[in-house]
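# how does the following fold in three dimensions:
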Amino acid sequence: MRRNRLPLLTFWPTLALALVSVILAFAGRAHSTTITLLDSPTDSWGTKSLPSSTESILADPLMAAVEQSADDEQIRFILDVRADPQSEADRATALQEGSRDELVRELRQIAQKDQYSLLERLAFLQKGNQVDNFRPFWIVNQIAAAGTADAILQLQKHPDVAGIRLDSRFPLAEPITSTLEM
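Now for the predicted structure:
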């Protein structure tokens, strides 16, 4: 069976940049490397600094999708998890010390702690058929999900949500087949 298009999530570029920053930090060059996403203020991780007020937590394209969606229509979105200051300090320490395995273990533990209450809330919304599916990503401390507009509006009020943005699908180009014979 041939797949015409595969979805790529908008967080893949973020994930790639996060991996690069982890690799550079692990190599001992993190102090001289700054990765900036978008054209906005950033934190020490190079991720977009999101406002703390709930009015501006929803990105504009997502707000438009929420306003235009039917009651039971599923919208794909990305939750940016708000990390507590101790988690940020732990993350910085993990990047500077220890082996790769210790780094991975520490980053997963930090994400599990930061994402715990949001994952519980998403599971509750899933039982009520307001969220179709969700998947946590520990390296970027984000959660990809699909849910109704009502679920998104409920999640924007959660204290552990730093931002919510629309998840996009990007079509992949068809592979070019060779006409040369070997």
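# correct me if wrong: Pro136 contacts Ala111.
Yes. Using CB atoms under 8 Å, Pro136 makes contact with Ala111 at a distance of 6.8 Å. In short, each C-beta sits where N, CA and C put it, glycine included.
# in the protein, which spans are strands?
With strands called from DSSP state E, the chain shows them at 75-81, 131-137, 142-147, 161-166.
# for these, which one sits closest to Thr177?
When the strands of the chain are compared by CB to CB, strand 75-81 sits nearest Thr177, at 31.3 Å.
# tell me what that closest one is packed against?
helix 60-68, helix 100-127, strand 142-147, helix 149-155, strand 161-166 (3 or more CB pairs under 8 Å, 6 or more residues apart in numbering; DSSP states H and E).
# so where's the protein uncertain?
1-56, 181-182 (pLDDT under 70).
# please report how far Asn141 lies from Leu172.
In this view, Asn141 and Leu172 are 27 Å apart by CB to CB, to the nearest Å.
# neighbour count winner among these two?
Asn141 (23 against 11; other CB atoms under 10 Å).
# make JSON lines out of the helices and strands packed on strand 75-81 and add distance to Arg91.
Output for the helices and strands packed on strand 75-81, formatted as JSON lines (distance: least, CB to CB, whole Å):
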{"stretch": "helix 60-68", "distance to Arg91": "26"}
{"stretch": "helix 100-127", "distance to Arg91": "6"}
{"stretch": "strand 142-147", "distance to Arg91": "14"}
{"stretch": "helix 149-155", "distance to Arg91": "23"}
{"stretch": "strand 161-166", "distance to Arg91": "15"}
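# which one of those lies nearest to Thr177?
strand 142-147 (32.3 Å).
# name the residues that touch that closest one?
With contact meaning CB atoms under 8 Å, 6 or more residues apart in numbering, strand 142-147 is reached by 9, 11, 14, 74-81, 115, 118-119, 122, 125, 130-137, 155, 167.
# Phe77 pairs with what?
Ala145, Leu166 (DSSP bridges).
# and if you look at the one 4 residues further on?
Counting by DSSP bridges, Val81 forms beta bridges with Val161.
# ok, it to Ile110 distance?
In terms of CB to CB, Val81 sits 10 Å off from Ile110.
# shared neighbours of those two, anything?
Counting by CB under 8 Å, 6+ apart, the residues touching both Val81 and Ile110 are Asn141.
# comparing these two, which residue is more hemmed in?
Val81 (24 against 21).
# Pro61 contacts Arg165, correct?
Yes. Between Pro61 and Arg165 there is a contact under CB under 8 Å: 7.2 Å.
# that's all I had, so thanks and see you.
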